[in-house]
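In: Dropping a prediction and its sequence here:
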Amino acid sequence: MKVRRRLAFEGHNPALGQVVAQSYVLAYTENVDALVAALEAEKFKPTVLRAVYSAEEQTYSRNVRTFMNHHNAWLRAAQHEGYTLVCEGDYVPCKGLASFPTFWPSDDPMAWGYLYQGSPRLLALIGREKYLCCHTSPLVAYVVNARVAQALCDWFDAEMSARDPRDYFSFDALLQWSAMGRGCHAFMPMKHYGEHGGKANPEHGAHGMRRAGEHRADNLAGPLHFLPQYCEGSRLAYVSARLKERLYGLARLATNKWMVRTNVYPYGISDRLEMAAVGLRRLLF
């Protein structure tokens, strides 16, 4: 029987269900019944936050309106103790999500985590437990505590006062760097704790984003609660997506796009080798 090697935190950290006190599902007009039922089954106490826009806000770019939806959740999370799970309406969680281990250092009050990551990049392996400090863009599903949520609210205010909201703004690609500048540290699990089930925002493709903004999980931590929307009911489409994304992940690793060097998290040759080994292990096992 093959036994998968674990990072230290996987066997010792508390489960998500022990630290996440509530969850918010961000939606506009889409049906999120399946997602809400999945989160209820995991005991995450979901609340649906449906966006309502004024006539002026309807003229804002679609991405900026999404930015506003996340800000609404951050304002609420900043008032809560413990961690809050925030997810978009097209998130598809893995079964058993509440029992999956937390993957950030519990002694860091500014730590937060991406349950799902699009094109993840590793910044460093932190501490003896080798937590995966990462950079990723999509805010499909993540957890924040009150201090991180307040830092994100402060960043939102700064950006909205400096920009024309009618212009396209890839806020999710810039968010983490700005959060890092405010002392926040983002982490990810070895494998995605769910999938991005929807189709890409067409604004991304119109502004030249790679793969027109499409992104999926390269390796899942377990089976999903329900079939993603992009499969259109086809198991074959789902299996095809899993294979394609695994290959994309391996290509990212082979072309040296898995690791990113920063002045915040410097690393040497031995660190680089260890980070590459982690990148390979998360895709093969």
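Out: It's in. Numbering: from 1, shown residues only.
In: got the residue ranges for the strands in the chain?
Out: 20-27, 46-50, 83-88, 91-93, 111-114, 121-126, 131-135, 141-144, 185-188, 194-196 (DSSP state E).
In: Partner strands of the longest one, with direction?
Out: The sheet places strand 20-27 alongside strand 46-50 (parallel), strand 83-88 (parallel), with pairing taken from DSSP bridges.
In: try the last one
Out: In the sheet, strand 194-196 lines up against strand 91-93 (antiparallel) (DSSP bridges).
In: can you tell me the average pLDDT over the strand it pairs with?
Out: Mean per-residue pLDDT for strand 91-93: 98.
In: just stretch 255-267 next, same as before
Out: 90.
In: oh, and call the first residue 48 from now on, that's how I've got it
Out: Got it, first residue is 48 now, which makes that one stretch 302-314.
In: and the end-to-end length of that stretch?
Out: Start-to-end span of stretch 302-314 (Cα to Cα, to the nearest Å) is 19 Å.
In: any weak-confidence spans in the protein?
Out: Scanning the chain with the threshold set as pLDDT under 70 gives 48-58, 247-260.
In: Would you mind finding the longest helix in it?
Out: Secondary structure of the chain read by DSSP state H shows that its longest helix is helix 282-301.
In: now it and strand 168-173, what's the angle there?
Out: 70 degrees (axes from the mean of the first three to the mean of the last three Cα atoms, to 10 degrees).
In: which helices and strands does helix 282-301 pack with?
Out: helix 316-331 (3 or more Cβ pairs under 8 Å, 6 or more residues apart in numbering; DSSP states H and E). (C-beta placed from N, C-alpha, C; glycine too.)
In: quick one: Tyr215 and Val111, what's the gap?
Out: 8 Å (Cβ to Cβ, to the nearest Å).
In: Which one of the two is surrounded by more residues?
Out: When Tyr215 and Val111 are compared for neighbours, Val111 comes out ahead with 22 against 14, by other Cβ atoms under 10 Å.
In: Pretty sure the more buried one sits against Ser217.
Out: No: between Val111 and Ser217 there is no contact under Cβ atoms under 8 Å: 10.2 Å.
In: Which positions in stretch 128-136 come out as buried?
Out: 130-136 (16 or more other Cβ atoms under 10 Å).
In: Tabulate those residues (a markdown table), appending distance to Thr106.
Out: Shown next, in a markdown table, are the buried residues of stretch 128-136 (distance: Cβ to Cβ, whole Å):
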| residue | distance to Thr106 |
| --- | --- |
| Tyr130 | 35 |
| Thr131 | 30 |
| Leu132 | 31 |
| Val133 | 26 |
| Cys134 | 27 |
| Glu135 | 22 |
| Gly136 | 22 |
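In: Let me know the closest of the residues you listed to Arg97.
Out: Gly136 (9.3 Å; Cβ to Cβ).
In: Which residue is the nearest non-sequential neighbour of the closest one?
Out: Ala74 (4.1 Å; Cβ to Cβ, 6 or more residues apart in numbering).
In: Surely that neighbour touches Val95?
Out: Yes: between Ala74 and Val95 there is a contact at 5.7 Å, judged by Cβ under 8 Å.
In: picking up where we left off before, okay, the residue nearest to Gly136 and Cys231: tell me how far apart.
Out: Noted for Ala74: a distance of 26 Å to Cys231, by Cβ to Cβ.
In: for Asp137, same thing?
Out: 25 Å.
In: ok, back up a step: so for the longest helix of the chain, what gets flagged as buried?
Out: Quick answer for helix 282-301 (16+ other Cβ under 10 Å): 285, 288-289, 292-293, 295-297, 299-300.
In: got those residues as TSV, with distance to Asn266 columns?
Out: Shown next, in TSV, are those (distance: Cβ to Cβ, whole Å):
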residue	distance to Asn266
Tyr285	14
Ala288	12
Arg289	8
Glu292	8
Arg293	6
Tyr295	11
Gly296	7
Leu297	10
Arg299	12
Leu300	12
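In: Near Phe203, how many residues? Count them for me, please.
Out: 20.
In: nearest residue to it other than its sequence neighbours?
Out: Nearest non-adjacent residue to Phe203, counting by Cβ to Cβ, 6+ apart: His118, 4.5 Å away.
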